[in-house]
Structure formats: structure tokens, C-alpha cells
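K.L.:
Fold the following and give me the result.
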Amino acid sequence: MRVVFLTPEYVTKTSADGGLANYIKKTAKALSLRGCDVWVFVVADRDTIWQDEMVTVCEVKRKVFWLQMLSIFPFTGLIQVLNQLISSRRVAKKYWEIHKKKPFDIVQASSYMAPGYALLKNGKVPIVCRISSYSPVVRAAYGRKRSFGEYLSDWLEIRQVADAAASFAPSRFVSNIFFKVTGCEPAVIRTSMDIQEPILDYSFFNAHKPGFPYLLFFGTLSRIKGVDLLADVLPTIFERYGDLAVVFIGRDDGMSGGKKVFSHILESCEKYRERLFYHPALQKAHLYPFVANAEAILIPSRVDNYPNVCLEAQMFGKPVIGTYESSLDEMIVDGETGFLAKNADVESIKGAIEKFLNLTSEQRESMRLRIISHIEDIKREDRVGQLIDFYKEAINKFKVQHAGK
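P.N.:
Numbers count the residues shown, from 1 in each chain. Take a look at the predicted model:
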């Protein structure tokens, strides 16, 4: 089966962060190991084709008309939508160029940024869509209102989902949101585990490890991930647990006023600065030692979509402290494989952290074993096989619908 992914981001040597990028990379690799010929078309800053092991990556240069269009459209939101449409057309042009040489069987586009919009209803190859998120909900979690340009961008995203041959989401949480918005109910196909044993490079960790036991947040520091809430959570935790540190690793997207999230936390925890640590996004081999040696992982998200970081934490047997009504409650059994707090509730998050910290060593070991058992159950589900079956069904339906055309 020849499979194409259309995406606005992908993991490269110079770019390590991005949940969608990491999902595409590991899923493409898993499919290639099942015998699929996998290509990734990614909107980028250059035009080039290169090999990522068995996966072929085709970078399609984005065309940006900021200066040319400012005199016509003074609103940057409109320019962003135009650039989104132009990028989609450029991806489609490159896709057809390669498809003509050797046809692909199926295309999977992300909902985010609608990179496959120009290929919808093409009549030659089925387009399926994986719902990365729903932008209005994400924007609300950031505390922002939609601009007119963002209304148009959201419409493209909805069309990418609703007009695809088939759509799916990794969480019931996001699937339900799209059902309410569009009336179509995407299937739920959970994100698979990494297929290879993780590589751990301790060189960075050994040079920067805290001198205390620590809790870890890794991912994007942002309001949507609930990291800003920790500014009100951690002073109490630090006061009650004098030998505890907290480490943050990832891109800091800042807050609505422009202040960095970690700076906001430092200001709230002025007395405990020596127990707070921050590192920008790290390559996996350097990140994983921090995960493997953490006491527990903090993911207090307002909104999420079956995040890779939770799977990665559980892969190391680490309890995750997450939130209800965010999709994390589909990944964590409260009190069994981690702890769940009320969404965006500072006191509840404090309580969940303290429940973990008050566990005895025997209780923590018991929880670790339950997490490992949970991960083994996930591996037996064969989620990559479920995705291949989804592709086959979409291809068969497409052939029936277009027979004789």
C-alpha cells in the first residue's frame, strides 16, 4: 500500500517539538515496517526530497505573500488564510507530479491547517483526515477570541474533516466535539506506541539534573496545556514538600500578554527559584533520561487530544497527573495509573499532586506495575493494524463510489 501523509509539520534534525510532527514520524515509520511505501508531504521553507530511514519526506516550500498582500489586505488574518490556501495548492501540485509516476493508494491529511484542502473530492484517490484538534476550542483554551480570518481558517479545517472520504480522531473527546459541530462522527483510532525501544543519551541529563527529586512537565509551555495554572499550584507544593523540584522542558509559547509562561511561574515561586528548572525542547534521546528519572509527570491540560507525552510517560512506568474533560481521562485511571484533577481547577490540581506525593514507596511501585501492564495492553491492541484496516475500508468504499467514473 502506498500511503501519503500531508502535514504542516514534521520532526527534523533542527525541529524536535510538535505533537503532530511526532505522531506523523512514528506512525509513518510503523506503517513502513508493515510493508507500506510511505511518503510525507510537509509544508516547509524549501523544496527538497529526502529519506528518513524507510520514509520518503517531500518538503514543499510555502509561498508567503506578506509584503505583496499587505497593501490589499491590511488584516494579517486574511493573509494567513490566503497563504494556507496557496500552500495547500502547492502541496497538491507536487502530489500529482509524483502520483502520475507511481499512483498512491490513500492520502491522510491533518485537520490542522488543512494541508489537503486542495485535494478534497479529487475523484482519483481517497483522502482521509486525522483530527489533530479543533481550533476554536484550542483558541478558547488560550483565552482568545476569533478574528475574521480565523473564522475562515476554521471553515477550511471543518471542510477538511467533513468532506474527506473518512475521518478519525485519537480521542473520544475530540470526536464528540466534531460530531456536535459538523454532524459527522469521526471514528476513534488511538495513537500507537513507539515501536522501538527508546534511546537514552544521559550526557545532557548528567550535566543538568536537579539536586532534588522532581516532577516533570514536557511539551509546549502554554495556557492550553494548563502550565500557567502551576504558578498558583506550586508555591503550596514547595512549601509542604521541601525536597521537591519541578522541571519544565519544551517550547515556551508565552501568555496572552507576551510574558513567557516559565517567567510567570518564577515570579509566583520567588522563594523557591532554586527548585525550578527550564530547558527548551530537547531531542528524544536527551529528553527521555529526564522522563525516566522523574517522580511523576504533570500534564494539567485544559484541552488535549490523546497526547504523545502521556504515552511516553507511561512507557517509562511514570504516573501522570492530568485533568478531566481534556482527553487525558481516556488515558489515566484515577488512583490506579495516575491522578486526575478537575479541569482548570487550581485546588484540585494541588490535591492530585499531593495524593501522589503522599503515596508510600510500596504504593508507588504498585502503581508503576499497573502502568506497565496498561502499556502492554495498548501494544496488544495493534493500533497500527487498526489504522491499516481503516485505510483499506476507505479505499474499498472509494472504489465502489467511483466505479465506472
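
K.L.:
Show the subsequent helix or strand relative to the lowest-mean-pLDDT helix or strand in the chain.
P.N.:
Ranking every helix and strand in the chain by mean pLDDT, DSSP states H and E puts helix 66-70 at the bottom, with a mean of 51. Next helix or strand after helix 66-70 toward the C-terminus (DSSP states H and E): helix 76-99.

K.L.:
For this protein, which segments count as strands?
P.N.:
2-7, 37-44, 48-52, 55-61, 106-110, 127-130, 166-169, 187-188, 214-218, 245-249, 276-279, 296-298, 320-323, 338-341 (DSSP state E).

K.L.:
Point out the other helices and strands that the first one packs with.
P.N.:
Going back to what we said before, that points to strand 2-7. Strand 2-7 sits against helix 19-33, strand 37-44, helix 76-99, strand 106-110, with contacts defined as 3 or more C-beta pairs under 8 Å, 6 or more residues apart in numbering; DSSP states H and E. Every C-beta, even on glycine, is put in place using the N, C-alpha and C of the backbone.

K.L.:
how about the strands of the chain in JSON lines, adding mean pLDDT, distance to residue 264 and mean neighbour count?
P.N.:
Below are the strands of the chain laid out as JSON lines (pLDDT from 0 to 100; distance: least, C-beta to C-beta, whole Å; neighbours: other C-beta atoms under 10 Å):
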{"stretch": "strand 2-7", "mean pLDDT": "98", "distance to residue 264": "31", "mean neighbour count": "24"}
{"stretch": "strand 37-44", "mean pLDDT": "96", "distance to residue 264": "32", "mean neighbour count": "22"}
{"stretch": "strand 48-52", "mean pLDDT": "96", "distance to residue 264": "37", "mean neighbour count": "12"}
{"stretch": "strand 55-61", "mean pLDDT": "96", "distance to residue 264": "35", "mean neighbour count": "20"}
{"stretch": "strand 106-110", "mean pLDDT": "98", "distance to residue 264": "30", "mean neighbour count": "25"}
{"stretch": "strand 127-130", "mean pLDDT": "98", "distance to residue 264": "33", "mean neighbour count": "26"}
{"stretch": "strand 166-169", "mean pLDDT": "97", "distance to residue 264": "31", "mean neighbour count": "24"}
{"stretch": "strand 187-188", "mean pLDDT": "97", "distance to residue 264": "35", "mean neighbour count": "16"}
{"stretch": "strand 214-218", "mean pLDDT": "98", "distance to residue 264": "14", "mean neighbour count": "24"}
{"stretch": "strand 245-249", "mean pLDDT": "98", "distance to residue 264": "11", "mean neighbour count": "22"}
{"stretch": "strand 276-279", "mean pLDDT": "98", "distance to residue 264": "11", "mean neighbour count": "18"}
{"stretch": "strand 296-298", "mean pLDDT": "98", "distance to residue 264": "15", "mean neighbour count": "25"}
{"stretch": "strand 320-323", "mean pLDDT": "98", "distance to residue 264": "19", "mean neighbour count": "26"}
{"stretch": "strand 338-341", "mean pLDDT": "98", "distance to residue 264": "20", "mean neighbour count": "26"}
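
K.L.:
of the ones you listed, which approaches residue 121 most closely?
P.N.:
Nearest to residue 121, of all the strands of the chain, is strand 127-130, at 8.1 Å by C-beta to C-beta.

K.L.:
which neighbours does the closest one have in its sheet, and in what orientation?
P.N.:
Strand pairing for strand 127-130, determined by DSSP bridges: strand 106-110 (parallel), strand 166-169 (parallel).

K.L.:
do you know how far residue 61 is from residue 45?
P.N.:
Note on residue 61: its distance to residue 45, by C-beta to C-beta, to the nearest Å, is 6 Å.

K.L.:
Domains of the chain: list them as residue ranges, please.
P.N.:
2-190+382-399, 203-380 (automatic domain parsing).

K.L.:
weakest of these in terms of mean pLDDT?
P.N.:
The weakest mean pLDDT among the domains of the chain belongs to domain 2-190+382-399, with a mean of 89.

K.L.:
Distance from the chain centre to it, please.
P.N.:
Relative to its parent chain, domain 2-190+382-399 has a centroid offset of 13 Å by C-alpha atoms, centre = their mean, to the nearest Å.
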